[in-house]
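Quick one, what's the 3D model for this:
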Amino acid sequence: MFLRKMLVMMTGLLLVFTTAAGQTVTTVQPLAIPNDASARIFPSPDGTRAAYERAVRLNGHRDYYLCVLDGVTGGEPVCALAPQPLPSGFEPDPLSLLTPFRWSPDGSQIAAVGQPLGTQADTDLWLLDVAAGEWRNLTDDNYDGTLAAKDGSRVSIELQPAWSPDGRWIAVERSVISDTGSFAPSTLAVIEVSSGEIRELGALPGSAGGVVDAGSVTGMDWSPDGSALAVTVRHREPQPEADGIWLVQVDTGERERLVSLSDADSALQAVIQGVTLESLGPVVWSPDGTRLLYWAGNPGKRPVIAWPFVLDVAERRVTAVTVPAHPSDKPDRRVIRPLQAAWSPDGRALLVLTFGFPPDETVMPLDPASPRLSVRVVDVETGSDTALGHLPLGPSNALYFAAWGAGGAIMNGYYLGLEG
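This is a model prediction of the structure:
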């Protein structure tokens with residue numbers, strides 16, 4: 001039983017919608033996401049597949065699986081049972097900035113870290129071979145249990161995995177916990193995929209003075225040339241001198257702050273007045289390595305406030321991603337709100353999913369169901385915005401994660417074939 005009836009044939013609906021931005025939607029394929037799937041799905045870099053958690057109840061307990069759907073061919077997912085006992089699965093709250101899964105650049109593997117801070121149970125960094133359905137433990141600490149180990153074990157957890165462009169390394173936030181449950185200052189580290197060798201890049205900003213900072217990395221992405229990491233940092237108790245967006249050199253660990261917390265807050269206030277900046281991240285490099293896409297807002301508000309921004313890395317210039325105004329907008333309220341965004345393959349545009357659209361906009365349904373969302377192309381240089389089509393609320397209109405690659409796009413639980 002699927003979360004909603006598939007109103008579009010699973011073989012895909014062929015469409016020809018050409019926008020002023022030159023993009024054409026050729027295929028719309030709803031993904032067969034089941035009822036027991038996680039709210040968030042994580043698309044492959046080429047925009048053709050999606051990974052998600054599935055919880056299956058059996059004999060009074062739940063088994064957790066990592067599943068992969070192919071958007072091009074449709075059909076049923078291929079699932080692999082979690083490689084270690086998980087108290088509450090891989091996936092944290094759907095509004096969390098913690099990322100439990102991350103695809104390798106070539107789409108052959110998925111890194112999985114789970115949610116150890118939420119469950120207070122140790123998890124390792126595992127790699128799933130997607131084709132074979134086989135798991136490999138990359139960071140085995142020879143321990144399985146609560147984070148406060150009682151037998152003197154040295155427990156480590158890894159969060160926010162980010163693959164290097166060549167697939168040889170995975171960057172993480174790494175925390176070591178003593179047998180009393182005390183956290184050492186968290187570090188940034190890179191792990192060699194072939195050997196599991198760990199190389200520390202240094203402590204997180206703001207880790208001095210005994211601050212417990214595990215989970216303070218809210219987003220991380222590797223630059224396309226492999227030289228640097230973009231890292232968003234937001235402590236539970238804000239640290240103005242440490243929080244913000246950082247550029248970390250992989251070879252040396254040298255770091256510099258690109259955007260301070262106050263600058264991020266000023267950019268947000270220019271879009272929506274009076275909102276408290278509670279979250280910063282995730283962050284994604286543009287394919288050409290010149291810009292960063294990041295999110296800022298307050299996911300705890302209703303409706304959720306999360307807005308995407310573009311940072312020109314060389315000029316340190318922050319620009320809010322443009323979406324249309326609405327006649328009912330107020331200084332502290334925007335009717336049309338971004339939910340997901342992804343870079344175009346050439347880095348010149350963004351594919352943006354918004355809740356709502358202007359009342360005078362011509363509706364181009366990408367699915368016969370009642371449209372509530374719009375898929376839009378935003379030119380990064382000019383800010384011009386063009387509707388690509390409209391979708392209903394779906395099984396995965398959660399925040400942030402979408403992909404636009406050479407093979408198409410994954411957004412809001414759909415595969416979209418794009419040309420142009």
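
neighbours of residue 134, just the number please.
Using other C-beta atoms under 10 Å, residue 134 has 11 other residues around it. Backbone N, C-alpha and C define where each C-beta goes, glycine included.

same check, this time on the one 3 residues further on
Neighbour count for residue 137, taken as other C-beta under 10 Å: 13.

count of neighbours near the closest residue to it other than its chain neighbours?
Spatial nearest neighbour of residue 137, excluding adjacent residues (C-beta to C-beta, 6 or more residues apart in numbering): residue 124 at 5.2 Å. By other C-beta under 10 Å, the residues close to residue 124 number 21.

Which residues are in contact with residue 124?
Residue 124 sits next to 84, 113, 137, 138, 139, 140, 141, 158 when contact means C-beta atoms under 8 Å, 6 or more residues apart in numbering.

let's see it at 10 Å
Residue 124 makes contacts with 83-84, 112-114, 116, 137-144, 156-158, as judged by C-beta atoms under 10 Å, 6 or more residues apart in numbering.

List only buried entries from those.
Neighbour-count burial within these applies to 83-84, 112-114, 116, 138-139, 141, 143, 156-158; the criterion is 16 or more other C-beta atoms under 10 Å.

Provide a list of residues in contact with the residue of the chain positioned farthest from its centre.
Relative to the centre of the chain, the most outlying C-alpha is that of residue 151, 35.7 Å out, by C-alpha atoms, centre = their mean. Contact analysis of residue 151 by C-beta under 10 Å, 6+ apart lists 143, 145, 179.

Residue 120 versus the second one, what's the distance?
So that's residue 145. Per C-beta to C-beta, to the nearest Å, residue 145 is found 10 Å from residue 120.

What does the residue lying closest to residue 227 once chain neighbours are set aside show for phi and psi?
In space, residue 227 comes closest to residue 250 once its chain neighbours are excluded; the distance is 6.1 Å by C-beta to C-beta, 6+ apart. Dihedral angles of residue 250 (phi, psi; degrees, to the nearest 10) stand at phi -70, psi -40.

Residue 250 and residue 166 touch, don't they?
No. Counting by C-beta atoms under 10 Å, residue 166 is not a contact partner of residue 250; they are 11.8 Å apart.

Please say which of the two ends up with more neighbours.
Under the criterion of other C-beta under 10 Å, the comparison of residue 250 against residue 166 puts residue 250 first, with 19 against 11.

Would you confirm that residue 27 belongs to a strand?
Yes. Counting by DSSP: H, G, I helix; E, B strand; the rest coil, residue 27 falls inside a strand.

partner residues bridging residue 203?
residue 187 (DSSP bridges).

Can you classify the closest residue in space to residue 305 that isn't next to it in sequence by secondary structure?
Nearest residue to residue 305 in three dimensions, chain neighbours excluded: residue 297, at 4.3 Å (C-beta to C-beta, 6+ apart). Recorded secondary structure, residue 297: strand (three-state DSSP).
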